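Asks: Take this sequence and fold it.
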Amino acid sequence: MIEAFKKVKKKYQKILLIFVGPMEDKKLKYLLKINDEKILFFDRTSEPDKWFSLADILCLPSYREGFGTVVIEAACCGTPTLCSNIYGLKDAVIKNKTGFFHRVGSIDDLKNKMLYVLKNKDLVKKYGNLARKRAMKDFEQSIITKKLLEFIELRISNTSN
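Replies: The predicted structure follows:
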C-alpha cells in the first residue's frame, strides 16, 4: 500500500494515507517511521467512526482475512472499501457497488485503483451510500444476534441427537 501510495502522490499532492490501529507487522512499523508528511500513523482510537467518516475510502490490501469486520464498520459510516480480492473480504464488499477489489500483492493494480478512486469522487460517494444502506440492512446488530442464536440452537440440537 505504501509503495502504491507513493506512486499516486506524485500525481495527486493533496492526499494523505492514514493508518489507524495497532501495527502487527514489524516491516510496516519500520516503513511508517520514514519521514513522510503524507503518511500518518495513529496507534489507537476509541472512536474509529470519526476516522472512517474523515476518509474517502478504506484501503485494505490484505493477504488473509476471516471476515472484513472493519469493512462493515467503515460502511456504517458511509465509507466504501478498496481491498484485496480474497476470501472474507469478498463477503464484506459487493464488487463495483459497495467497493473495489484489487489483485492480491499487485502494487500496480492497487495504484491504478487508487487513481481510479481519486478520479471518480461521485462514484465513490455513491458506493459509500450503498455500503451504508447494505450495512444497516444486512449487518444490523439485532439481525446478527438472531442469526447467531439460531446457529447456536441448531448446533445444540444436533449434538444432543
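Asks: can we go C-alpha only for contacts and neighbour counts from here?
Replies: Will do.
Asks: which residues in the protein form helices?
Replies: 2-9, 26-32, 48-54, 69-76, 89-92, 107-119, 121-138, 141-160 (DSSP state H).
Asks: any idea which of the ones you listed scores lowest on pLDDT?
Replies: When those are compared by mean pLDDT, helix 26-32 comes last with a mean of 71.
Asks: Tell me which of the helices of the chain is the most buried.
Replies: With neighbours taken as mean count of other C-alpha atoms under 10 Å, the helices of the chain reach their highest mean count in helix 69-76, at a mean of 22.
Asks: can the helices of the chain go into JSON lines with extra columns for distance to residue 15?
Replies: Shown next, in JSON lines, are those (distance: least, C-alpha to C-alpha, whole Å):
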{"stretch": "helix 2-9", "distance to residue 15": "7"}
{"stretch": "helix 26-32", "distance to residue 15": "16"}
{"stretch": "helix 48-54", "distance to residue 15": "12"}
{"stretch": "helix 69-76", "distance to residue 15": "19"}
{"stretch": "helix 89-92", "distance to residue 15": "25"}
{"stretch": "helix 107-119", "distance to residue 15": "9"}
{"stretch": "helix 121-138", "distance to residue 15": "13"}
{"stretch": "helix 141-160", "distance to residue 15": "34"}
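Asks: So for residue 82, which of those helices sits nearest?
Replies: helix 107-119 (7.7 Å; C-alpha to C-alpha).
Asks: export the closest one as PDB, just CAs?
Replies: Extracted in PDB, the C-alpha atoms of helix 107-119 (Å, rounded to 0.1, in the frame of the first residue of the first chain):
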ATOM      1  CA  ILE A 107       1.300  -2.700  -6.400                       C
ATOM      2  CA  ASP A 108       0.400  -1.600  -9.900                       C
ATOM      3  CA  ASP A 109      -3.200  -2.700  -9.600                       C
ATOM      4  CA  LEU A 110      -3.600  -1.100  -6.200                       C
ATOM      5  CA  LYS A 111      -2.100   2.100  -7.600                       C
ATOM      6  CA  ASN A 112      -4.400   2.100 -10.600                       C
ATOM      7  CA  LYS A 113      -7.500   1.500  -8.300                       C
ATOM      8  CA  MET A 114      -6.300   4.300  -6.000                       C
ATOM      9  CA  LEU A 115      -6.100   6.600  -9.100                       C
ATOM     10  CA  TYR A 116      -9.500   5.500 -10.200                       C
ATOM     11  CA  VAL A 117     -11.000   6.300  -6.800                       C
ATOM     12  CA  LEU A 118      -9.400   9.800  -6.900                       C
ATOM     13  CA  LYS A 119     -10.700  10.500 -10.400                       C
END
